[in-house]
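Undergrad: here are the coordinates; sequence isn't available:
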Ligand SMILES: C[S@@+](CC[C@H](N)C(=O)[O-])C[C@H]1O[C@@H](n2cnc3c(N)ncnc32)[C@H](O)[C@@H]1O
């Protein structure tokens with residue numbers, strides 16, 4: 001008999017609302033509950049809340065559910081201030097008061113570290129600052145809709161590639177609020193609008209800057225529209241072309257010597273396309289805390305890994321005998337060297353190295369340094385921590401923007417004789433799910 005192919009019947013998702021009690025938040029700031037032995041993730045629900053939820057996706061290991069009704073609200077629940085909050089994917093925690101955001105993030109990190117046996121840690125008060133208009137660098141997405149001949153510009157919607165066309169933002173600096181409301185109209189006047197990529201907003205230094213990525217050269221007509229837009233909104237504007245060259249369209253062009261931020265009585269110059277900490281106020285507090293926790297002194301020889309343009313290395317050089325900064329981006333290394341010169345620091349050097357490569361790590365003289373900083377990207381620094389049995393450093397300051405990487409790397413450091421002397425959160429990204437943690441390891 002001929003066997004006809006039958007596609008598997010889609011598994012029915014039970015849509016009946018059911019009640020759960022939220023226990024904690026996950027790394028995307030979703031409420032986490034347990035129901036019939038399975039973990040349930042609920043966007044928008046908060047710890048200690050009793051809620052009715054409906055399944056969206058019922059997987060083998062976990063369930064994703066949507067919030068149907070709040071039965072018992074958390075005392076920490078607040079009304080989100082931003083009118084775009086319900087749709088915009090930029091923030092995830094505006095419905096929780098800012099102190100409780102810190103508490104929940106700390107519980108989240110403590111929970112992860114507990115999983116690798118690191119309990120009862122010496123938690124220090126979190127570094128906290130301004131919770132609104134703090135984000136000195138942001139990136140908006142664009143999407144050209146051919147049928148309508150319309151360029152959408154804004155943040156991505158939650159769990160979607162679609163764009164929410166915001167005309168204000170609670171976390172971007174005040175200097176950009178007027179720009180946001182006029183930007184879609186201005187960009188839609190461009191002949192080459194369909195060639196535009198992302199748009200970066202940068203207020204790291206004194207001048208607000210916009211940087212527009214394009215895949216094709218813009219006509220003189222388009223360039224003139226952008227120059228006028230920038231002038232009337234008092235921002236400097238650059239095009240980042242297909243070859244990643246910057247074209248300055250500002251009326252009053254900035255000199256590279258004007259692109260800097262002040263830090264510990266130094267001027268840290270930066271490239272517009274390199275990494276810079278996004279929250280200036282918190283960055284200042286973080287660097288100050290790094291100096292304090294490391295108790296940097298003239299006896300110290302410090303290794304700063306993932307050093308960028310010298311954000312930690314340069315202030316530390318003022319305190320220490322010698323600092324070496326290592327960084328993967330050649331542009332950032334060149335900038336860091338210029339920064340040392342411009343700030344008259346002669347006891348700090350910078351080296352370009354890919355720290356993900358074993359051969360690079362073999363070149364480092366681990367016995368030379370008595371203190372170290374690790375400030376990696378989200379992937380963390382596992383390969384480096386694997387070599388920690390050879391380190392001479394008695395203090396290692398780890399700055400983590402990913403709590404899972406911190407958990408994995410902490411376990412590695414501890415297995416090689418280090419312990420966490422102290423640990424604390426830095427409220428670098430209020431209202432979002434991102435967590436920044438500083439941990440001081442000693443041996
Ligand atoms: C979180 S940022 C920290 C930068 C700097 N410490 C600061 O505070 O501005 C991480 C840095 O690691 C660098 N990086 C990422 N992967 C790297 C790798 N495999 N090797 C060396 N550097 C890397 C990035 O270029 C970036 O500058």
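TA: That came through fine. Just so it is clear, the structure is predicted and the values come from calculations on it, not from any experiment.
Undergrad: drop to CA atoms for contacts and neighbour counts, all remaining ones
TA: Fine.
Undergrad: Now do the longest strand along the chain: everything it contacts.
TA: Secondary structure of the chain per DSSP state E: the longest strand is strand 62-72. With CA atoms under 8 Å, 6 or more residues apart in numbering as the contact definition, strand 62-72 has outside contacts at 17, 38-45, 49-58.
Undergrad: Which residues does the helix or strand just after it contact?
TA: Heading C-terminal from strand 62-72, the first helix or strand you meet, by DSSP states H and E, is helix 98-115. Outside helix 98-115, the residues that touch it by CA under 8 Å, 6+ apart are 24-27, 76, 93, 119, 121, 126, 131, 403-404, 407, 410, 424-425, 427, 430-431, 435.
Undergrad: Swap in 6 Å and give it another go.
TA: residue 407 (CA atoms under 6 Å, 6 or more residues apart in numbering).
Undergrad: Show me which residues of it are buried.
TA: Buried residues in helix 98-115, counted by 16 or more other CA atoms under 10 Å: 98, 101, 102, 104, 105, 106, 108, 109, 110, 111, 112, 113.
Undergrad: what sits against residue 128?
TA: Shown in contact with residue 128 (CA under 6 Å, 6+ apart): residue 427.
Undergrad: go on, residue 339?
TA: By CA under 6 Å, 6+ apart, no residues touch residue 339.
Undergrad: Am I right that it sits in a helix?
TA: Yes: under DSSP: H, G, I helix; E, B strand; the rest coil, residue 339 sits within a helix.
Undergrad: From residue 426, how far off is residue 176?
TA: 25 Å (CA to CA, to the nearest Å).
Undergrad: how deep is residue 243 tucked in, by neighbour count?
TA: By other CA atoms under 10 Å, the residues close to residue 243 number 9.
Undergrad: Helix, strand or coil: sort out it for me.
TA: Three-state call for residue 243 (three-state DSSP): coil.
Undergrad: Check the gap between it and residue 280 for me.
TA: Counting by CA to CA, the gap from residue 243 to residue 280 is 30 Å.
Undergrad: Then residue 352?
TA: 25 Å.
Undergrad: With neighbour numbers in mind, choose between these two.
TA: More crowded of residue 352 and residue 280, by other CA under 10 Å: residue 280, with 22 against 18.
Undergrad: Give me the pLDDT for that one.
TA: At residue 280, the model reports a pLDDT of 96.
Undergrad: Throw the buried residues of helix 98-115 into a markdown table and include pLDDT, thanks.
TA: Formatted as a markdown table, these follow (pLDDT from 0 to 100):
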| residue | pLDDT |
| --- | --- |
| 98 | 97 |
| 101 | 98 |
| 102 | 97 |
| 104 | 97 |
| 105 | 97 |
| 106 | 98 |
| 108 | 97 |
| 109 | 98 |
| 110 | 98 |
| 111 | 97 |
| 112 | 97 |
| 113 | 98 |
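Undergrad: What residues of whatever helix or strand residue 359 lives in count as buried?
TA: For residue 359, the host element (DSSP H and E) is helix 358-363. By 16+ other CA under 10 Å, the buried positions in helix 358-363 come out as residue 361.
Undergrad: That helix: what's the following helix or strand?
TA: Once helix 358-363 ends, the next helix or strand along the chain (criterion: DSSP H and E) is strand 371-374.
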